[in-house]
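>>> Mind folding the following:
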Amino acid sequence: MGLIDKDATLKAIADYLRADLADCNHHYLQGAQDVAEVVENMPERGGWIPFETRPLTEEEKEEHPEWDCILNCKLPDDGQRILVAIRIRGHEEVQQDEFYSDDGSYLDSGYEIGTEAVAWQPLPEPYKEAEE
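Numbers count the residues shown, from 1 in each chain. Purely as a prediction, here's the structure:
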């Protein structure tokens, strides 16, 4: 679990909104939605975002018969360089990779997302000398 419990935070926001809903205006609601979006997109588990999948709907199966499942999690941008947690036959490692999402989602390395590549996180910002 991360430093912040997302479910408890979202519940607190929702409770606050319900208690004050009669007096709210458009700007207030937009601000609350922005806060909820920030909380929803916070990285979990020390910054790692698990690659989570879900079964395809019947419509998705017809549209993409070659797919076994669909990713159901926050994903990197197309072409983004990321850190990837790899788990194969009990061996775990972390490496840099590139994520692509044109007709499906895949990693440049060829690791299978959701089975071999189990989680990802953005690369940290490059080091910069402090200006004096």
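>>> longest single strand anywhere in this protein?
Longest strand of the chain, by residue count under DSSP state E: strand 91-100.
>>> Packing partners of that one?
Helices and strands touching strand 91-100, by 3 or more Cβ pairs under 8 Å, 6 or more residues apart in numbering; DSSP states H and E, are strand 81-88, strand 106-107. For glycine as for every other residue, the C-beta is placed from the backbone atoms N, C-alpha and C.
>>> contacting residues around the shortest one?
By Cβ atoms under 8 Å, 6 or more residues apart in numbering, the list of residues contacting strand 106-107 from outside reads 84, 97, 98, 99, 100, 113, 117.
>>> Just the buried residues out of those, in ChimeraX syntax.
In ChimeraX, the members of those classed as buried (16 or more other Cβ atoms under 10 Å) are selected with the following command:
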select :84,97,99,100,113,117
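>>> after the worst-scoring helix or strand of the chain on mean pLDDT, next one along is what?
Of the helices and strands making up the chain, the lowest-confidence element is helix 26-40, at a mean of 55, by mean pLDDT, DSSP states H and E. Next along the chain after helix 26-40, taking DSSP states H and E as the criterion, comes strand 49-50.
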